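1. Have a look; sequence and predicted model below, questions after that.
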Amino acid sequence: MPAPLFWHRLVRDRWARLGLALVAGLAVLALLAPWLAPGDPFRGALSASLRGPSDGFLLGSDAQGRDVLSRVMYGARLSLAVGLISQSIALSLGVTLGLIAGYYGRWVDSVLMRVADVTLAFPSLLLLIAIAAALKPSLPAVFVVIGLVGWAGMARLVRGQVLVARELEYVQAARALGSSDARIIARHLLPNVVAPVIVAATLGIGGAIMAEAALSFIGLGAQPPTPSWGAMVAEGRDLLRVAPWVSLVPGIAIGLAVLGLNLLGDGLRDALDVRAI
């Protein structure tokens, strides 16, 4: 699809524009946090503990006197990094294994898809918690764990696309002309799965942000004093009556980020749908 047509179809959708604006805002906060943050996200003064929104603290302060707005901005950096890195892992595994399973079929397909079925059979959050609990809590562990849990759905999506594409005439012609399997997969099959993979990855970033927040909420994700939206919600859960902003602000940030990514993913799906041209 030509790029001008793609962008025209994307931006004419008002919900896609809203999603794009929310995602762009998240990216700006993440990239410019060191310059935009009004305070130190790591250290505070106990004398400024639990101050409400004011001139000194635009969105209030937490129990340790740290600026909530600054911590939310730095938390955006962590959330975006988790989403991008974990989805890169899921994409690498899912696309590669999906292409292999769909193209070769037979026992290769059976083995890979049974492994994927076993992975999908477990509730994703429980599987995340189990794997994260077996490892030392750290950011690299969070990246790897979320990526490993997310590969199976991507692999099944790619496999389904390849099963259809491998029977097309130009793929059969390339095979008859003696093209190698690697060439057929890279030049003829991979381009057919790019569009659905982009949509799935966009939606997956939102899921990864929620997964990281859940792990940090129970203490298996980012460790203090690293600002994490999930950990911030956990820190303020006992303060909802006296200082609701400590939990509400990062909670709203999570909601807006996931909403933006979901709206953008839906917009990308519609814009990349060649049947609607």
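-> Arrived safely.
2. When you work out contacts or count neighbours from here on, use the C-alpha atoms and nothing else.
-> OK.
3. wait, residue 124 sits on residue 149?
-> Yes - between residue 124 and residue 149 there is a contact under C-alpha atoms under 8 Å: 6.9 Å.
4. More neighbours: which of these two?
-> residue 149 (23 against 15; other C-alpha atoms under 10 Å).
5. Run a quick check on the more buried one versus residue 127, I expect a contact.
-> Yes - here residue 149 reaches residue 127: they are 7.4 Å apart, a contact under C-alpha under 8 Å.
6. check contacts around residue 250.
-> 72, 229, 230, 232, 233 (C-alpha atoms under 8 Å, 6 or more residues apart in numbering).
7. Out of these, who's the most crowded?
-> Counting neighbours by other C-alpha under 10 Å, the top entry in those is residue 229, with 32 neighbours.
8. Would you mind measuring from that one to residue 41?
-> From residue 229 over to residue 41 the distance is 12 Å, taken as C-alpha to C-alpha, to the nearest Å.
9. tell me, how many neighbours does residue 34 end up with?
-> Residues near residue 34, counting by other C-alpha under 10 Å, number 15.
10. and residue 210, what does it touch?
-> Contacts for residue 210 (C-alpha under 8 Å, 6+ apart) come out as 254, 258.
11. Rounded mean pLDDT for the helix or strand containing it, please.
-> Using DSSP states H and E, residue 210 falls within helix 190-217. Mean pLDDT, helix 190-217: 87.
12. and it, which residues are buried?
-> 190, 192-193, 195-217 (16 or more other C-alpha atoms under 10 Å).
13. Show me which helix runs longest in the protein.
-> helix 68-104 (DSSP state H).
14. relative to helix 190-217, how tilted is it?
-> Relative orientation of helix 68-104 versus helix 190-217 (axes from the mean of the first three to the mean of the last three C-alpha atoms, to 10 degrees): 140 degrees.
15. Could you list the buried residues of helix 68-104?
-> Buried, per 16+ other C-alpha under 10 Å, within helix 68-104: 68-91, 93-103.
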